[in-house]
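A.B. asks: Based on what follows, work out the 3D shape:
(one chain, ligands or ions: 1)
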Amino acid sequence: MTKNTNNLFYNGKRQKATSGKTFSNINPATNRVISEIESASANDVERAIESAKEGFAVWSKMSGTERSRILKKAADLLRERNKELAEIEVMDTGKPISEAIEVDVLSGADAIEYFAGIAPTIRGEHYDLGNSFAFTRREPLGVCAGIGAWNYPIQIACWKSGPALACGNSMVFKPAELSPQSAVFLAGIYKEAGLPDGVFNVVQGDAEVGKMLTHHPDIRKVSLTGEVETGKKVMAAAAKTLKHVTLELGGKSPIIICEDANIDEAVNGAMIGNFYTQGEICSNGTRVYVAESIKKEFLGKLIEKTRRLIIGDPTKMETQVGALISQEHLEKVMGYIEIGIKEGAKLHLGGKRFQSHKQAELNKGFFVEPTIFETDNEEARIVKEEIFGPVMTVLTFKTEEEAIKKANDTVYGLAAGVFTNNLQRAHRIVNQLEAGICWINNYNITPVEVPFGPYKQSGFGKENGLATIEEYTQLKTVYVEMDKIDSPY
Ligand code: NDP
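C.D. replies: Numbers count the residues shown, from 1 in each chain. Just a heads-up that it's a prediction; the model follows:
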């Protein structure tokens, strides 16, 4: 165990916390303590916000091109340090290195680079009103708070800070307590790229630290990635001072596999949508609706391919399924597996904690075998509730209308997928799905150019894509009188 200090970042450098409180940061693959993280006090949060206000005063006055140059450099540095940062993410989250090196850091760099490119293009409009005229200015909001979940720590920090900073805002970011490592490295990279002090700040700690941000009158916007219940609390807190809010919350997304689908492709899609990052992905398609006529073939191929997944040491390149984030989360996922069995769902594969015969130290880790259930009980808890682990439930349908009705029968609305070779059917189904992002013949693809964001109780607001600029700016209208006032008095 290493004693890790200076985990806060404000005024352009790492800072010690003054709370005297620490929390243990655990490696999920071994259940060993990596480091002790210092938790921010109310005073530290106050200082970080002060730092962000000072940073905002400088940053918001810079031109889009100047901001762009610095952000682009930060994206380049992230790519250069991909391996080092991916290793940090693996230790912190338990996910396989093959994923972290391919996706986590690079998708973060993509977002910063994309919004760096947009920064110089942010502008208002001119309105010709005869003699007089008006124009709009697209202005930053001020100090924004980013609050992250633990499944994609550095990606989330980049997806929030990239557009926020490109628009001229400053940010105080709080990573999840379970994955505190990478955010301060990102802050260091921004600094190295030339970001003025105070523009990106990090505070560490639990929900109490999150609340200090969501209640603070000087924070103008909160962007949260987290659970639905947390989203409701954050929105209620933000309402007290009418902050702007973006909520990227949980899901229980459907994948509809029609009888004319390419079954091998549908199997690949369902596996990506359930077992990538050991199932800890918000947009996962955990309700897999398969046309009854192809269920047998689909299930046969799915089980056969899933059985071959390599589960174990996340630091090895060949590993495909890593460890869940914590003991508590492992118990939650195992609890849902028990519930599924008790509810009468048929367990086709998995359902157990993974035990390694080669590496004893992994047996203290939080591994769960990829699990496949089949049921026709639409009211089962494993069909209704977000599990956030490697647990897929296969259901069936007879008609298109039935599939759409079942797919939409959820409080969530994050994502959905359709597999079919019939173009009209694909669009007809997608147009009726209540989800913020839909994939046709693929799943969980999130290119930075494309807006990603939820419907219904999965939240609101977008990340990625041009739409995100509206999330981090406000429009000021300026009317310019060119004539005498036409006074009624
Ligand atoms: P949580 O909601 O538990 O936590 C999210 C963040 O909010 C953490 O930093 C947490 O702090 C903080 N927090 C908790 N309570 C409050 C509060 N009252 N006020 C302010 N901040 C608070 O989510 P998880 O970290 O467990 O992440 C998993 C969830 O995130 C899943 O539901 C998943 O679907 C969702 N998610 C959504 C995504 C999307 O884009 N839609 C993407 C990824 C995940 P602490 O560190 O103490 O927990």
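A.B. asks: hey, which helix or strand in the protein has the poorest pLDDT?
C.D. replies: The weakest-scoring helix or strand in the chain, judged by mean pLDDT, DSSP states H and E, is strand 2-3 (a mean of 52).
A.B. asks: next SSE after that one?
C.D. replies: strand 8-10 (DSSP states H and E).
A.B. asks: Give me the contact list for that following strand.
C.D. replies: Here strand 8-10 makes contact (Cβ atoms under 8 Å, 6 or more residues apart in numbering) with 14-17, 38, 40, 44, 47-48, 51-52, 172, 183-184, 187-188, 198, 200-204. For glycine as for every other residue, the C-beta is placed from the backbone atoms N, C-alpha and C.
A.B. asks: And the average pLDDT for it is what?
C.D. replies: Throughout strand 8-10, pLDDT has a mean value of 98.
A.B. asks: following it, which helix or strand comes up?
C.D. replies: Counting by DSSP H and E, what follows strand 8-10 is strand 13-15.
A.B. asks: What residue, apart from its backbone neighbours, is nearest the residue in the stretch 1-150 of the chain that the ligand sits nearest to spatially?
C.D. replies: Of all residues in the stretch 1-150 of the chain, Ala149 sits closest to the ligand, at 3.2 Å by Cβ to the nearest ligand atom. Once flanking residues are discounted, Ala149 sits nearest to Thr225: 4.5 Å by Cβ to Cβ, 6 or more residues apart in numbering.
A.B. asks: Hmm, that neighbour is touching Gly251, no?
C.D. replies: No - the criterion here is Cβ atoms under 8 Å, and Thr225 misses it with Gly251 at 11.9 Å.
A.B. asks: Quick check: neighbours shared by these two?
C.D. replies: The contact sets of Thr225 and Gly251 overlap at Cys282 (Cβ under 8 Å, 6+ apart).
A.B. asks: Can you give me every residue that contacts the closest residue to Thr410 other than its chain neighbours?
C.D. replies: Leaving out its chain neighbours, the residue that sits closest to Thr410 by Cβ to Cβ, 6+ apart is Lys252, at 5.2 Å. Applying Cβ under 8 Å, 6+ apart, we find Lys252 in contact with Thr286, Arg287, Val383, Lys384, Glu385, Glu386, Thr410, Tyr412.
A.B. asks: which among those are in contact with the ligand?
C.D. replies: When Cβ under 6 Å from any ligand atom is applied, the members of the contacts of Lys252 adjacent to the ligand are Glu386.
A.B. asks: and which of the contacts of Lys252 is nearest Glu192?
C.D. replies: Taking Cβ to Cβ as the measure, Glu192 lies nearest Glu386 of those, at 37.8 Å.
A.B. asks: picking up where we left off before, in the sheet, who's paired with the residue nearest to Ala149?
C.D. replies: Following DSSP bridges, Thr225 is listed with bridge partners Glu248.
A.B. asks: what pLDDT does it get?
C.D. replies: With respect to pLDDT, Thr225 scores 98.
A.B. asks: Can you report how many residues neighbour it?
C.D. replies: Using other Cβ atoms under 10 Å, Thr225 has 28 neighbouring residues.
A.B. asks: show me the residues around it that make contact.
C.D. replies: By Cβ under 8 Å, 6+ apart, the contact list for Thr225 reads Ile147, Gly148, Ala149, Ile156, Lys160, Glu248, Leu249, Cys282.
A.B. asks: Wait, Lys456 touches Asn408, no?
C.D. replies: No - counting by Cβ under 8 Å, Lys456 does not reach Asn408; the two are 9.1 Å apart.
A.B. asks: measure the residue of the stretch 201-350 of the chain at minimum distance from the ligand to Lys233 for me?
C.D. replies: Residue nearest to the ligand within the stretch 201-350 of the chain: Gly210 (2.2 Å; Cβ to the nearest ligand atom). Using Cβ to Cβ, to the nearest Å, we find Gly210 at a distance of 9 Å from Lys233.
A.B. asks: Which of these two has more residues huddled nearby?
C.D. replies: Using other Cβ under 10 Å, the more surrounded residue of Gly210 and Lys233 is Gly210, with 25 against 16.
A.B. asks: is it fair to say the more buried one lies in a helix?
C.D. replies: Yes - under DSSP: H, G, I helix; E, B strand; the rest coil, Gly210 falls within a helix.
A.B. asks: Could you give the backbone dihedrals for Phe135?
C.D. replies: As for Phe135, its main-chain torsions (degrees, to the nearest 10) stand at phi -150, psi 160.
A.B. asks: Who are the contact partners of the closest residue in space to it that isn't next to it in sequence?
C.D. replies: Excluding the flanking residues, the one nearest Phe135 by Cβ to Cβ, 6+ apart is His126, at 4.9 Å. Residues in contact with His126, defined by Cβ under 8 Å, 6+ apart, are Phe133, Ala134, Phe135.
A.B. asks: Any chance of JSON lines for the residues you listed, columns pLDDT and neighbour count?
C.D. replies: Formatted as JSON lines, the contacts of His126 follow (pLDDT from 0 to 100; neighbours: other Cβ atoms under 10 Å):
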{"residue": "Phe133", "pLDDT": "98", "neighbour count": "14"}
{"residue": "Ala134", "pLDDT": "98", "neighbour count": "15"}
{"residue": "Phe135", "pLDDT": "98", "neighbour count": "14"}
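A.B. asks: Please tabulate these in CSV, including the columns distance to Ser60.
C.D. replies: CSV is the format used below for these (distance: Cβ to Cβ, whole Å):
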residue, distance to Ser60
Phe133, 25
Ala134, 22
Phe135, 18
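A.B. asks: Quick check: phi and psi at Asn169.
C.D. replies: The phi/psi pair for Asn169 (degrees, to the nearest 10) reads phi -80, psi 170.
A.B. asks: how near is it to Leu247?
C.D. replies: With distances taken as Cβ to Cβ, Asn169 is found 18 Å from Leu247.
A.B. asks: do Gly279 as well
C.D. replies: Applying Cβ to Cβ to Gly279 and Leu247 gives a distance of 22 Å.
A.B. asks: likewise Arg137?
C.D. replies: 27 Å.
A.B. asks: Please say which of these two ends up with more neighbours.
C.D. replies: Neighbours of Arg137 and Leu247, each counted by other Cβ under 10 Å, are more numerous for Leu247; the result is 23 against 14.
A.B. asks: so who does the more buried one touch?
C.D. replies: The contact partners of Leu247, taken as Cβ under 8 Å, 6+ apart, are Leu224, Gly231, Val234, Met235, Pro454, Gly459, Phe460, Gly461.
A.B. asks: Mind putting those residues into TSV with secondary structure, distance to Ala323 and neighbour count?
C.D. replies: Formatted as TSV, the contacts of Leu247 follow (DSSP: H, G, I helix; E, B strand; the rest coil; distance: Cβ to Cβ, whole Å; neighbours: other Cβ atoms under 10 Å):
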residue	secondary structure	distance to Ala323	neighbour count
Leu224	strand	25	29
Gly231	helix	26	23
Val234	helix	28	27
Met235	helix	32	17
Pro454	coil	27	27
Gly459	strand	27	28
Phe460	strand	32	19
Gly461	coil	31	21
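A.B. asks: which of the residues in stretch 47-60 are buried?
C.D. replies: Arg47, Ala48, Ile49, Glu50, Ser51, Ala52, Glu54, Gly55, Phe56, Trp59, Ser60 (16 or more other Cβ atoms under 10 Å).
A.B. asks: just stretch 319-336 next, same as before
C.D. replies: 319-326, 329-330, 333-334, 336.
A.B. asks: next one: phi and psi at the residue nearest to Thr410?
C.D. replies: According to degrees, to the nearest 10, Lys252 has phi -150, psi 70.
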